[in-house]
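J.: Predicted model and sequence follow; I will ask about them next.
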Amino acid sequence: MRILVIGGGGREHALVWQLARFHHRLLCVPGNAGIARLAQCSPANLDDISGLARFARDRHVDLTIVGPEAPLVAGIADEFKRQGLPLFGPDAAGARLEGDKSFAKSLMRRQGIPTAEFEVFTDLDGARAWLKARRLPIVVKASGLAGGKGVVIAGTLAEAEQAVGEMLSGSRFGTAGRTVVVEEFLQGEEASIIGLCDGSSFTYMVPSQDHKRLRDGDQGPNTGGMGAYAPAPIVTREVQHQVEERVFGPLLAGLREAGIDYRGVVYAGVMVTEQGPKVLEFNCRFGDPETQAIMPLLGMDLAELALACIEGRLAAVRPEWSSRSALCVVAAAEGYPGSYRRGDTITIDLPDADDVAVFHAGTKLAGDRVVTNGGRVLGVTGVGNTLTEARERAYQAIGRISYPGMFYRRDIGARGLKAALG
């Protein structure tokens with residue numbers, strides 16, 4: 001098939017890499033230096049939905065897979081459907097699960113999906129009154145899209161009030177923060193459970209665990225994700241069953257009651273608490289960097305799963321998964337998640353190996369050099385028969401990569417190893 005992948009980060013490189021294993025003809029917009037080795041890349045404005053549809057139609061694309069959330073929230077699936085172009089991803093109504101946290105939390109409340117106690121505010125005085133009656137720490141979230149960084153965990157009332165004030169004023173996240181969700185802080189261990197939906201049923205990908213904080217020991221500010229591994233031992237069979245029964249089942253029922261025919265990815269970020277799993281957030285697309293740990297374990301063609309979702313026949317397809325483990329370590333640029341350097345030459349001194357993959361995130365070509373072009377630069381994934389083996393391979397590989405200011409966490413997978421060792 002001729003397949004178009006939309007996006008230019010590490011997640012999209014992992015998707016392209018998986019599809020390339022099944023010998024599809026691949027295009028990507030805009031892509032990056034790593035993706036360009038596997039797909040024909042073209043510059044594009046991802047906000048130009050009609051332009052993207054025209055690109056797919058003119059190049060006779062058989063299937064489009066969308067990586068980032070913004071085009072989905074903007075309605076790319078609606079436009080492609082209107083033009084008869086197969087696209088894997090929910091329409092704008094379904095993408096509100098991620099694009100509007102207040103919508104998602106209200107749906108959870110209505111459907112009885114376990115989540116943190118919360119309220120939604122558009123005014124500072126109301127939020128302040130609610131905050132004063134709550135235990136600390138407290139979580140403040142921008143309701144709209146904020147690039148994975150729209151969450152503040154406030155340890156004091158002053159910090160919480162400041163976060164709410166900055167979001168509501170628009171000074172922190174622009175229009176994304178004009179509505180805020182304020183919720184209780186949940187204790188436990190996080191996990192990412194990604195489901196694929198065809199409008200009437202789900203199938204599930206290998207559960208994974210992301211590492212959001214910048215520094216070792218889960219310290220520092222939130223980021224888009226500094227590493228991930230799969231499968232995650234915290235998601236036992238019992239936890240998986242609870243999530244399927246108490247989260248995905250009621251969610252699908254609620255979406256259908258709202259008249260939403262959801263076809264695409266549903267990412268559930270959950271906190272495994274003493275009371276059971278509770279939903280932190282829903283996303284409408286594959287996780288990043290979880291995808292970089294999950295795709296090496298998928299033993300079948302991702303395009304087959306995508307088409308089954310689009311065509312409403314997912315129940316007839318059984319996903320094939322490796323019994324191995326994979327772990328991804330993100331190499332970031334100096335200054336991330338704030339302002340960061342660009343244009344530094346990347347040196348990769350790695351032999352080709354089946355058990356290591358280097359996924360480009362923020363890179364571009366400058367002549368014959370590959371240079372940094374983003375906050376998260378690379379995702380280095382190791383695969384092994386055990387999590388220990390996968391972790392060793394990932395860290396051995398990242399040790400042979402360099403660029404000025406490069407840094408990465410050195411404890412990715414530590415919780416998983418602790419759980420695996422009992």
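T.: Thanks, I have it. Numbers count the residues shown, from 1 in each chain.
J.: The residue nearest to the spatial centre of the chain: helix or strand, and which one exactly?
T.: The residue lying closest to the centre of the chain (C-alpha atoms, centre = their mean) is residue 287, at 1.9 Å. For residue 287, there is no host helix or strand (DSSP states H and E).
J.: residue contacts, it?
T.: Neighbour list for residue 287: 11, 192, 194, 208, 210, 225, 228, 267 [criterion: C-beta atoms under 8 Å, 6 or more residues apart in numbering]. Yep, even glycine has a C-beta here, placed from its N, CA and C like the rest.
J.: repeat that with 6 Å
T.: Residues near residue 287 by C-beta atoms under 6 Å, 6 or more residues apart in numbering: 192, 267.
J.: Give me the pLDDT value at it.
T.: At residue 287, the model reports a pLDDT of 96.
J.: Residue 42 now?
T.: 97.
J.: where's the nearest residue to it once chain neighbours are set aside, which helix or strand?
T.: Nearest residue to residue 42, sequence neighbours excluded (C-beta to C-beta, 6 or more residues apart in numbering): residue 29, at 5.1 Å. With secondary structure defined by DSSP H and E, residue 29 is part of strand 25-30.
J.: Now the element after that strand, going C-ward?
T.: strand 40-41.
J.: now the strands: where do they sit in the stretch 101-250 of the chain?
T.: 118-121, 138-142, 151-154, 180-184, 189-198, 202-204, 209-210, 213-215, 219-222, 227-230 (DSSP state E, counting those that start in this stretch).
J.: In JSON lines, list these along with mean neighbour count, mean pLDDT and distance to residue 329.
T.: Output for those, formatted as JSON lines (neighbours: other C-beta atoms under 10 Å; pLDDT from 0 to 100; distance: least, C-beta to C-beta, whole Å):
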{"stretch": "strand 118-121", "mean neighbour count": "18", "mean pLDDT": "94", "distance to residue 329": "33"}
{"stretch": "strand 138-142", "mean neighbour count": "24", "mean pLDDT": "93", "distance to residue 329": "27"}
{"stretch": "strand 151-154", "mean neighbour count": "20", "mean pLDDT": "90", "distance to residue 329": "22"}
{"stretch": "strand 180-184", "mean neighbour count": "23", "mean pLDDT": "94", "distance to residue 329": "30"}
{"stretch": "strand 189-198", "mean neighbour count": "22", "mean pLDDT": "97", "distance to residue 329": "16"}
{"stretch": "strand 202-204", "mean neighbour count": "17", "mean pLDDT": "97", "distance to residue 329": "25"}
{"stretch": "strand 209-210", "mean neighbour count": "24", "mean pLDDT": "97", "distance to residue 329": "12"}
{"stretch": "strand 213-215", "mean neighbour count": "16", "mean pLDDT": "95", "distance to residue 329": "13"}
{"stretch": "strand 219-222", "mean neighbour count": "14", "mean pLDDT": "89", "distance to residue 329": "16"}
{"stretch": "strand 227-230", "mean neighbour count": "30", "mean pLDDT": "98", "distance to residue 329": "5"}
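J.: okay if I get the ones you listed as TSV plus distance to residue 109?
T.: Output for the strands of the stretch 101-250 of the chain, formatted as TSV (distance: least, C-beta to C-beta, whole Å):
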stretch	distance to residue 109
strand 118-121	8
strand 138-142	15
strand 151-154	19
strand 180-184	11
strand 189-198	20
strand 202-204	21
strand 209-210	25
strand 213-215	28
strand 219-222	24
strand 227-230	29
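J.: To residue 39, which of those strands lies closest?
T.: Distance to residue 39, taken as C-beta to C-beta, is lowest for strand 189-198 among the strands of the stretch 101-250 of the chain, at 22.1 Å.
J.: if we can go back for a sec, show me what the strand holding residue 29 is packed up against.
T.: strand 2-7, helix 10-20 (3 or more C-beta pairs under 6 Å, 6 or more residues apart in numbering; DSSP states H and E).
J.: So the protein: which segments form each domain?
T.: Domain ranges of the chain: 2-91, 117-184, 190-316, 325-420, per automatic domain parsing.
J.: any idea how far the residue nearest to residue 388 when sequence neighbours are not counted lies from residue 237?
T.: Among residues not flanking residue 388 along the chain, residue 417 sits closest, at 6.3 Å (C-beta to C-beta, 6+ apart). Plainly put, residue 417 is 20 Å away from residue 237 if you go by C-beta to C-beta, to the nearest Å.
J.: related to what we said a few turns ago, ok, the residue nearest to residue 388 to residue 321 distance?
T.: The value you get for residue 417 to residue 321, if C-beta to C-beta is used, is 21 Å.
J.: Equivalent analysis for residue 94, please.
T.: Counting by C-beta to C-beta - residue 94 and residue 321 are separated by 25 Å.
J.: thinking again about what came up before, each with direction, which strands does the strand holding residue 29 pair with?
T.: Strand 25-30 has the following strand partners under DSSP bridges: strand 2-7 (parallel), strand 40-41 (parallel).
J.: Go ahead and name everything in contact with it.
T.: Contacts of strand 25-30 (C-beta under 6 Å, 6+ apart): 2-6, 8, 16, 19, 35, 39-44.
J.: residue ranges of the helices in the stretch 301-422 of the chain, please?
T.: 302-310, 387-398, 414-420 (DSSP state H, counting those that start in this stretch).
J.: Adding mean pLDDT, write those helices out as TSV.
T.: Formatted as TSV, the helices of the stretch 301-422 of the chain follow (pLDDT from 0 to 100):
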stretch	mean pLDDT
helix 302-310	98
helix 387-398	97
helix 414-420	86
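J.: Next, format those helices as JSON lines and append mean neighbour count.
T.: Formatted as JSON lines, the helices of the stretch 301-422 of the chain follow (neighbours: other C-beta atoms under 10 Å):
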{"stretch": "helix 302-310", "mean neighbour count": "20"}
{"stretch": "helix 387-398", "mean neighbour count": "21"}
{"stretch": "helix 414-420", "mean neighbour count": "16"}
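J.: Redo those helices as JSON lines? Include distance to residue 346.
T.: Shown next, in JSON lines, are the helices of the stretch 301-422 of the chain (distance: least, C-beta to C-beta, whole Å):
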{"stretch": "helix 302-310", "distance to residue 346": "27"}
{"stretch": "helix 387-398", "distance to residue 346": "12"}
{"stretch": "helix 414-420", "distance to residue 346": "26"}
